[in-house]
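> What shape does this take:
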Amino acid sequence: LFTGKELWEDRERFMHGRHNIIENNNLYEVMDIMQDGNGVYISGAGTGNIVRGNYIHHTPSMAAGEAIRCDDDQNETLVENNFIFQFGTHGIGLCSKGRNHFFNNIVACPPNRVNRGMLNLEPTSKMGMAGSKIFNNIFYANQSNQPFVFKREGEEFRNGIEWVIGTIELDRNIYFNSTDHNAADEYLKWARENGREENSIQSDPMFENIENGDFRFKANSPAIKMG
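Coordinates of the predicted model:
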């Protein structure tokens, strides 16, 4: 009998949907009608799920939430090598509420304002997100109202990145806003004061033609140098 205080690991063996791979899909114009949906949505599933190599793009719908969302009670999901381009009215590329890992994803050019950051961390508990790894991702904004990482203010910091910054690992990410080349200053300063993002940079990743969705890097791209 569960009391509600067990660790996720204690409950995980009773969950369905483990060790699945969502890979190499072309997803677009999703969530035209129903609300609060996503390109790829995982919640309350078991361990070992992988979301890899998907192209999630051109979704202008007012009903679209996040491109890839690891929602309530979701842990140990690997999200890697996905391309997110011009997605959703909320403009949120990656969302996590638990211990999930994001590597080598590109989130670029939301079509409108960004609701809660191109990377949105909303942990349901402080230690529930402990050990999350977020490395080698690129966040490319092209308007002034597109924050990279959602930071809550004042008393609402609980369940935001401020609450868990010391328990997660973030580094070697690239942040760039083509209309404001200093847009990440405040966030990176704050993150480094908390011992995170030490090797991340604010720099043009130098895509071949990002406005037309050409994500290839030019020869002298800082992304290539960072690996």
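
> rest of the way, CA atoms for contacts and neighbours
Fine.

> partner residues bridging the residue nearest to the spatial centre of the chain?
What sits nearest the mean C-alpha location of the chain, by CA atoms, centre = their mean, is Leu94, with 2.4 Å. Assessed by DSSP bridges, Leu94 has beta-bridge partners Ile68, Leu119.

> distance of it from Ser221?
23 Å (CA to CA, to the nearest Å).

> Ok, Pro110 next?
Using CA to CA, which is the criterion applied here, Pro110 is 22 Å from Ser221.

> higher neighbour count, these two?
Pro110 (27 against 16; other CA atoms under 10 Å).

> what sits against the more buried one?
If you count contacts by CA atoms under 8 Å, 6 or more residues apart in numbering, Pro110 has them with 85-89, 91-92, 141-142, 146.

> Wait, the residue nearest to the centre of the chain touches Asp71, no?
No. Leu94 lies out of contact with Asp71 (CA atoms under 8 Å); the separation is 10.7 Å.

> Strands - which of the contacts of Pro110 land there?
The strands, defined by DSSP state E, take in 85-87, 92, 141 from those.

> so where is this structure shaky, pLDDT-wise?
Judged against pLDDT under 70, the low-scoring parts of the chain cover residues 1-5, 153-157.

> how does it look with 80?
Within the chain, the ranges that satisfy pLDDT under 80 run 1-6, 152-159.

> In it, where's the longest helix?
Ranked by residue count under DSSP state H, the longest helix found in the chain is helix 185-193.

> after that helix, next one along is what?
strand 201-202 (DSSP states H and E).

> Would you list the strands that that following strand pairs with, along with their directions?
Using DSSP bridges, the strands paired with strand 201-202 are strand 174-177 (parallel).

> Need the CA coordinates for the partner strand. CSV is fine.
Extracted in CSV, the C-alpha atoms of strand 174-177 (Å, rounded to 0.1, in the frame of the first residue of the first chain):
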residue,chain,number,x,y,z
ILE,A,174,24.4,28.2,-26.4
TYR,A,175,22.0,31.1,-26.1
PHE,A,176,21.5,33.7,-28.8
ASN,A,177,18.9,36.3,-29.7
